[in-house]
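Visitor: Below: sequence and its predicted model.
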Amino acid sequence: MLKGSKVGLRARHEDDIPVLQAELYDDVVTHSRAQASPWRPITPGSQESLVQVDDKAQGYVAFSVVELDGGALVGTATLWGIDTHNRMAHIGLGLRPSARGKGYGTDVVAVMCHYGFVVRGLHRLQIETLADNTAMLRSAERNGFVREGVLRSSAWVMGEWLDEVLLGLLAQDYKPEPQG
Ligand SMILES: CC(C)(COP(=O)(O)OP(=O)(O)OC[C@H]1O[C@@H](n2cnc3c(N)ncnc32)[C@H](O)[C@@H]1OP(=O)(O)O)[C@@H](O)C(=O)NCCC(=O)NCCS
């Protein structure tokens, strides 16, 4: 397990799946704001579920996020679009509603930076989020990500076009917090 100051990142366990499916995927608004693909109902247990993990896939790594204190499941974190030539990847995260606003998101980004830069030897990490997602923008900026641009009207979200912000962090600018 990878440890931050408040959260741990571990493998996806079977009993995480129904919880994440119900609280993240099946929440149409949360899904529509966080994913580029349109929401549609997914049959329980289906391999099409976005919260299922394929351990053999090379292009992404999915973690379940747990509280260090007690081990309760609080959400997901994914390193996706891993490009081993340009040594870059994207970070995505989603926390259960009850776990938001407690500093966990900021800590998850810190742990994902450790995984991307130290464990995987990447050169660049990238985050894309809706321009009105203050909590995601702050979680990234607190960890040194800088805003590199605005993708105007790039996301179709629940009936309207929204802007996305592209944030990046280079390995040379990474200033790690001590890892537990
Ligand atoms: C986005 C998300 C991962 C952020 O994690 P979080 O644990 O809620 O964020 P934190 O508690 O670490 O807060 C980070 C900062 O945002 C601020 N913040 C938190 N929730 C906020 C809210 N609802 N509105 C405005 N600011 C907020 C905090 O005050 C903190 O600011 P600071 O750094 O200036 O002190 C989480 O809210 C979430 O899962 N949201 C739903 C899914 C989602 O949007 N995923 C990202 C898709 S790209």
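Guide: Good, I have the coordinates.
Visitor: is the helix ranked longest in the chain up against the ligand anywhere?
Guide: Ranked by residue count under DSSP state H, the longest helix found in the chain is helix 104-113. Yes: using Cβ under 6 Å from any ligand atom, helix 104-113 reaches the ligand at 104-106. Any C-beta I mention is one placed from the backbone N, CA and C, and that applies to glycine too.
Visitor: Excluding chain neighbours, give the residue nearest to the residue of the chain found nearest the ligand in space.
Guide: Minimum separation of the chain from the ligand (Cβ to the nearest ligand atom) falls at residue 105, amounting to 1.9 Å. In space, and not counting its chain neighbours, residue 105 is closest to residue 139: 4.0 Å by Cβ to Cβ, 6 or more residues apart in numbering.
Visitor: how about the one you found, what does it touch?
Guide: Contacts of residue 139 were listed using Cβ atoms under 8 Å, 6 or more residues apart in numbering, and they are 93, 105-106, 108-109.
Visitor: Farthest from the middle of this structure: give me that residue.
Guide: Distance from the C-alpha centroid of the chain, by Cα atoms, centre = their mean, peaks at residue 159 (23.9 Å).
Visitor: How many residues are close by residue 145?
Guide: By the criterion of other Cβ atoms under 10 Å, residue 145 has 23 neighbours.
Visitor: Low-confidence regions, the chain specifically.
Guide: Across the chain, the ranges flagged by pLDDT under 70 are 178-180.
Visitor: Would you mind naming what in it lies close to the ligand?
Guide: Proximity of the chain to the ligand is confined to 30, 33-34, 93-95, 100-106, 129, 133-136, 138-139, 142 under the rule Cβ under 6 Å from any ligand atom.
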